[in-house]
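Undergrad: Quick one, structure for this:
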Amino acid sequence: MAEKWQIEGEYFESCNCEVLCPCLLSRAQARPTEGHCDVVMAFHIAKGTYGNVELNGLNAVTACYTPGVMSAGNWTAALYVDERASADQRHALEQIMLGKAAGSPLSRFAPLITHQLPTKSVPITFVSEGRVRKLVIPGVADITVEGIVGVGDEVVFLDHVGHPVARRLAAARGRESHFKDHSLSFSNSGRNGHFAPIKWSGA
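TA: Below is the predicted model of the structure:
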């Protein structure tokens with residue numbers, strides 16, 4: 001029987017597209033502006049459970065490379081889970097973040113991944129302050145994105161987007177964005193970003 005689960009928290013991403021990423025407006029059918037996609041997606045779980053396992057306060061990160069149109073597949077992906085997680089918590093995070101948990105929005109990614117790199121347990125710092133989101137994995141990732149402001153000095157949000165993580169995303173730009181691990185190396189400073197609250201559940 002599938003485990004019942006739910007999480008609430010925050011998400012942000014940093015990719016190598018120019019602002020605004022065409023994938024967002026085409027349900028991943030358009031070619032990325034650089035011809036390929038380098039993206040890091042960070043998740044903070046403010047509160048959550050997977051069966052009887054509590055996930056409060058834990059973080060997870062996924063880094064992906066796609067060689068062309070995202071929906072065409074052949075992705076390479078790496079998952080990082082919070083080093084504070086117990087064995088049961090790590091299992092829960094892997095099930096949700098790899099799209100294996102029933103109802104996980106990330107299950108849409110799973111069939112597109114050809115090369116799933118080994119999961120690593122690492123220290124993950126996730127910071128959310130005003131219109132800034134920051135991720136640090138020592139020796140791997142140092143990423144800061146900032147929301148793009150519009151009228152009234154308020155962050156611009158995009159509604160009803162075809163994105164698996166959330167239907168309403170803030171438009172953002174990478175202030176500093178560097179990632180290097182496995183065979184992947186991204187430098188996305190000044191490039192596209194997004195952030196959003198998340199509330200997922202499944203059974």
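Undergrad: hmm, who's touching stretch 69-78?
TA: Here stretch 69-78 makes contact (CB atoms under 8 Å, 6 or more residues apart in numbering) with 23, 27-32, 37, 62-68, 109, 111-120, 181-184. Heads up, the C-betas are built off the backbone N, CA and C, glycines and all.
Undergrad: quick one: buried residues of it?
TA: Buried residues in stretch 69-78, counted by 16 or more other CB atoms under 10 Å: 69, 70, 75, 76, 77, 78.
Undergrad: Can you classify the most centrally placed residue in the chain by secondary structure?
TA: For the chain, the residue sitting closest to the mean C-alpha position, by CA atoms, centre = their mean, is residue 41 at 2.2 Å. Assigned state for residue 41: strand (three-state reduction, DSSP: H, G, I helix; E, B strand; the rest coil).
Undergrad: and it, what does it touch?
TA: By CB under 8 Å, 6+ apart, the contact set of residue 41 is 11, 12, 13, 61, 62, 63, 64, 165.
Undergrad: Look up how far residue 181 lies from it.
TA: Counting by CB to CB, to the nearest Å, the gap from residue 41 to residue 181 is 14 Å.
Undergrad: Let's test this: mean pLDDT of stretch 117-135, rounded?
TA: Stretch 117-135 comes out with an average pLDDT of 98.
Undergrad: Could you give me the buried positions within that stretch?
TA: 119, 122, 124, 126, 131, 133, 134, 135.
Undergrad: Same question for stretch 191-201.
TA: 191, 192, 193, 194, 195, 196, 198, 200.
Undergrad: With distance to residue 105 and pLDDT as added columns, please give those residues in CSV.
TA: CSV is the format used below for those (distance: CB to CB, whole Å; pLDDT from 0 to 100):
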residue, distance to residue 105, pLDDT
191, 23, 97
192, 20, 97
193, 19, 97
194, 14, 97
195, 16, 98
196, 12, 97
198, 8, 97
200, 6, 97
